[in-house]
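Trainee: All I have is the shape, not the residue letters:
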């Protein structure tokens with residue numbers, strides 16, 4: 001794929017693509033059309049999610065009103081209570097119940113903060129955005145909402161937080177207007193190549209959805225463009241092993257698309273699944289390329305060495321990676337994750353500033369070339385070079401990650417080491 005063709009894809013996807021909305025449908029039509037133009041036969045794989053139409057919110061305190069961005073899955077409501085400023089929300093773990101019925105302005109909340117806030121009866125959480133940066137979008141976990149244990153949560157700009165914090169101790173009121181409903185999202189699935197050499201099944205994945213209020217250029221139109229470049233290469237010269245290309249939706253809602261896909265195809269994956277090559281974050285004109293392996297040190301050395309052999313010195317790590325590779329890891333299917341970060345575009349990830357104007361097709365080419373090199377070698381190998389194995393040092397981290405994503409016990413291909 002030429003840089004001009006990649007640039008066309010980036011321009012075509014330069015709009016919000018929140019899962020379960022008209023934006024996702026528009027992107028789906030574009031991508032299905034491009035795959036069909038390559039002579040491929042994409043299938044649509046539906047799954048249910050709790051979705052939302054991005055709404056609005058404000059907080060009033062001390063006679064002043066400030067704009068808030070409601071987290072995904074926060075429904076309409078009016079919330080009142082004393083405003084408390086906690087720079088470290090871990091205080092909730094020590095002063096049990098001290099913030100019951102109160103509205104908290106906090107810095108750096110986590111999933112644990114939600115648990116502590118719910119247990120402590122907190123009325124609402126307001127997170128402070130980073131300085132000199134637009135407000136990023138976030139969303140509650142699906143199960144937390146389904147269980148009725150989601151504390152209404154919002155984000156405020158750093159500058160407004162400075163002013164709001166001056167009213168700590170006074171009465172505050174939050175108003176939110178946002179529609180939440182069950183909806184359907186869609187993965188796009190297509191297969192390239194044939195199982196002539198053996199029955200091993202490789203995956204090439206990228207997510208095509210974005211967070212709310214973001215066009216998702218770096219995250220992850222760039223990864224989709226790189227995946228389509230690989231699809232073009234292998235559509236022209238089909239490999240003798242099967243390569244399944246999946247463009248996932250609802251990654252930004254907690255990997256819902258990949259969890260649904262792995263659950264639906266678990267038997268096949270246990271029998272044939274060997275490796276996932278996942279493309280998530282890319283396009284920066286100046287940036288740092290990374291290869292993150294959720295697998296073994298042998299696989300990390302293989303991937304990083306092969307890239308160096310072809311003139312690509314990627315930063316490498318054996319670690320978990322917060323993306324669609326993780327549901328596969330529960331079945332002990334390893335993954336190679338390619339990301340390009342640390343540049344101008346990546347600075348705006350999950351904000352309205354993540355737009356195509358901040359990235360380039362040449363930046364995308366870093367990822368697509370690396371992905372093609374890795375896939376060509378593995379798909380064409382006389383003996384498949386990758387063991388289906390996850391290093392023991394990663395297993396507990398994977399379990400913790402899956403717990404935090406789903407808020408329930410994961411089904412694993414090994415004896416659990418982590419107990420929540």
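Mentor: Everything's here; your move. Just so it is clear, the structure is predicted and the values come from calculations on it, not from any experiment.

Trainee: what's stretch 300-310 in contact with?
Mentor: Residues outside stretch 300-310 that contact it (Cβ atoms under 8 Å, 6 or more residues apart in numbering) are 291, 293, 313-314, 316-318, 336, 370, 373-374, 377, 385-386. For glycine as for every other residue, the C-beta is placed from the backbone atoms N, C-alpha and C.

Trainee: and the gap between the residue in the chain sticking out farthest from the centre and residue 155?
Mentor: In the chain, the residue that sits farthest from the middle, by Cα atoms, centre = their mean, is residue 63; the gap is 38.4 Å. Distance of residue 63 to residue 155, computed by Cβ to Cβ, to the nearest Å: 22 Å.

Trainee: Likewise for residue 171?
Mentor: Counting by Cβ to Cβ, the gap from residue 171 to residue 155 is 21 Å.

Trainee: can you tell me which residues contact residue 272?
Mentor: Applying Cβ under 8 Å, 6+ apart, the residues near residue 272 are 199-201.

Trainee: give me that answer again for 6 Å
Mentor: Shown in contact with residue 272 (Cβ atoms under 6 Å, 6 or more residues apart in numbering): 199, 201.

Trainee: Before we move on, what's the pLDDT of it?
Mentor: Here, the pLDDT recorded for residue 272 equals 97.

Trainee: What values do phi and psi take at it?
Mentor: In terms of degrees, to the nearest 10, the main-chain angles of residue 272 are phi -130, psi -20.

Trainee: Grab the nearest non-local neighbour of residue 390.
Mentor: Leaving aside its chain neighbours, residue 390 sits nearest to residue 332 (5.1 Å; criterion: Cβ to Cβ, 6 or more residues apart in numbering).

Trainee: quick one: that neighbour is in a strand?
Mentor: No. Counting by DSSP: H, G, I helix; E, B strand; the rest coil, residue 332 is located in no strand; its state is coil.

Trainee: What separation do you get for it and residue 397?
Mentor: Distance from residue 332 to residue 397, by Cβ to Cβ: 14 Å.

Trainee: next one: residue 258
Mentor: For residue 258 relative to residue 397 (Cβ to Cβ), the value is 18 Å.

Trainee: So between those two, which is more surrounded?
Mentor: Neighbours were counted for residue 258 and for residue 397 using other Cβ atoms under 10 Å; residue 258 has more, 27 against 15.

Trainee: residue contacts, the more buried one?
Mentor: Counted by Cβ under 6 Å, 6+ apart, residue 258 has contacts 248, 324, 327.

Trainee: Sort out for me which of these are in strands.
Mentor: When these are checked against strands (DSSP state E), the matches are residue 248.

Trainee: Would you format the contacts of residue 258 as CSV with neighbour count and distance to residue 72 included?
Mentor: Below are the contacts of residue 258 laid out as CSV (neighbours: other Cβ atoms under 10 Å; distance: Cβ to Cβ, whole Å):
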residue, neighbour count, distance to residue 72
248, 31, 17
324, 32, 18
327, 25, 20
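
Trainee: pretty sure residue 77 contacts residue 175?
Mentor: No. Residue 77 is not in contact with residue 175 according to Cβ atoms under 6 Å; the separation is 7.7 Å.

Trainee: tell me which residues in the strand or helix carrying residue 159 are buried?
Mentor: Using DSSP states H and E, residue 159 maps to helix 158-165. Neighbour-count burial for helix 158-165, counted by 16 or more other Cβ atoms under 10 Å, picks out 160-161, 164.

Trainee: do the same with stretch 387-403
Mentor: So, applying 16+ other Cβ under 10 Å, buried residues of stretch 387-403: 388, 390-391, 394-395, 398-399, 401-403.

Trainee: pretty sure residue 293 is in contact with residue 320, am I right?
Mentor: No. Using Cβ under 6 Å, residue 293 is not in contact with residue 320; the gap is 10.2 Å.

Trainee: what about those two, which has more around it?
Mentor: The neighbour comparison of residue 293 against residue 320 (other Cβ under 10 Å) goes to residue 293, with 25 against 19.

Trainee: show me what contacts the more buried one?
Mentor: Residue 293 touches 299-300, 318, 336, counting by Cβ under 6 Å, 6+ apart.

Trainee: Validate this expectation: it resides in a strand.
Mentor: Yes. Under three-state DSSP, residue 293 falls within a strand.

Trainee: Who does it form a beta bridge with?
Mentor: residue 318, residue 336 (DSSP bridges).

Trainee: how far away is it from residue 315?
Mentor: Distance, residue 293 to residue 315, using Cβ to Cβ: 12 Å.

Trainee: For the protein, which segments are assigned as strands?
Mentor: Remark: strands assigned in the chain by DSSP E are 43-61, 64-70, 77-86, 103-106, 124-128, 153-156, 171-192, 201-207, 242-248, 273-279, 288-294, 315-318, 335-341.

Trainee: which residues sit against the fourth one?
Mentor: Contacts with strand 103-106, where a contact means Cβ under 6 Å, 6+ apart, come from 81, 83-86, 89, 122-126, 172.

Trainee: Turn those residues into JSON lines, including pLDDT.
Mentor: JSON lines is the format used below for the contacts of strand 103-106 (pLDDT from 0 to 100):
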{"residue": "81", "pLDDT": "98"}
{"residue": "83", "pLDDT": "98"}
{"residue": "84", "pLDDT": "98"}
{"residue": "85", "pLDDT": "97"}
{"residue": "86", "pLDDT": "94"}
{"residue": "89", "pLDDT": "93"}
{"residue": "122", "pLDDT": "98"}
{"residue": "123", "pLDDT": "98"}
{"residue": "124", "pLDDT": "98"}
{"residue": "125", "pLDDT": "98"}
{"residue": "126", "pLDDT": "98"}
{"residue": "172", "pLDDT": "98"}
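
Trainee: Those residues: which two are farthest apart?
Mentor: For the contacts of strand 103-106, the farthest-apart pair by Cβ to Cβ is 89 and 172; their separation is 16.9 Å.

Trainee: so where do the helices sit in the stretch 301-420 of the chain?
Mentor: For the stretch 301-420 of the chain, helices defined by DSSP state H, counting those that start in this stretch occupy the ranges 326-329, 344-347, 361-380, 392-406.

Trainee: Go through the buried residues of stretch 387-403 and name the one nearest residue 51.
Mentor: residue 402 (21.9 Å).

Trainee: All set now, cheers.
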